[in-house]
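Enquirer: Okay, here's the prediction I keep looking at, along with the sequence it came from:
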Amino acid sequence: MAIQDLEQRFPITDENGQATDYFMRLLQERGVNAENIEELVIELEEEVQILASQLADKADKTIQLTAGLGLSGGGDLSADRTFDLASYIFGAFFTTTPTDSETLMIHVAAAAFTVPADFIGGLRSNIGTNPAVSFVLDVTNNGATIGTITVSTGGVVTATTVGNTSKPIAVGDVFRVIGPATADTTIADAAFTFIGVR
């Protein structure tokens, strides 16, 4: 069998990265000078070792990047992947009893999001000291009421949106939470976390 018949059918290095007899004979057939063939083989063996090391460091393209809580995107490593925030989260709190019509939070939206209808899945809260009477917070966007949050005397928090519909918030919109015109004198240590949908 001629050397040309062996091309692309036999390996040029063995499992240890050493040049095979085939490769040595192929080089000789191609007119490589006998005086530099050993040096050339050494250089090629070094290149093979480098390539093998680089391949070993590569991640398998079938590995999956999975988006965690609050994120979307991902995929396998066969292409560039990105992750995006699936939720827009921000909070408001007060520790002492608010004054009449006190603005308890001002938030400027850094990204567009939607307040879900009646804040379903979009509000978390904790009340440290319950009010003596029902405590109603006004939630506004750019000065217009979009919903209310009510804290009962038992500390139960309920919320509704105007028309019981979702409310879109654009980048730069100003989101406020405002206390009741006549403030309760008991409620304190209240915290609210809003979860917008993106």
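Expert: Right, received. Where do you want to start? Numbering: from 1, shown residues only.

Enquirer: only C-alpha atoms for contact and neighbour calcs from this point on.
Expert: Will do.

Enquirer: Just the local confidence number for Asp138, please.
Expert: At Asp138, the pLDDT value in this model is 98.

Enquirer: And Thr103, by the same measure?
Expert: pLDDT at Thr103 comes out at 97.

Enquirer: Isn't it up against Pro180?
Expert: No - contact between Thr103 and Pro180 fails when scored by CA atoms under 8 Å: they sit 9.5 Å apart.

Enquirer: Neighbour count for the two, which is higher?
Expert: Pro180 (18 against 15; other CA atoms under 10 Å).

Enquirer: Quick one, grab the pLDDT at the more buried one.
Expert: pLDDT, Pro180: 96.

Enquirer: what's the following helix or strand after the lengthiest helix in the chain?
Expert: When the chain is parsed with DSSP state H, its longest helix is helix 37-57. From helix 37-57 onward toward the C-terminus, using DSSP states H and E, the following helix or strand is strand 64-66.

Enquirer: That next one pairs with which strands, parallel or anti?
Expert: strand 71-76 (antiparallel) (DSSP bridges).

Enquirer: where's the partner strand relative to the chain centroid, distance-wise?
Expert: 8 Å (CA atoms, centre = their mean, to the nearest Å).

Enquirer: tell me the average confidence for that strand?
Expert: Strand 71-76 comes out at a mean pLDDT of 78.

Enquirer: Just the buried positions in it, please.
Expert: Gly74, Gly75 (16 or more other CA atoms under 10 Å).

Enquirer: Next one: Ala109 from Val115, what distance?
Expert: 12 Å (CA to CA, to the nearest Å).

Enquirer: Which one's more surrounded, these two?
Expert: Ranked by neighbour count (other CA under 10 Å), Ala109 and Val115 place Val115 first, with 24 against 17.
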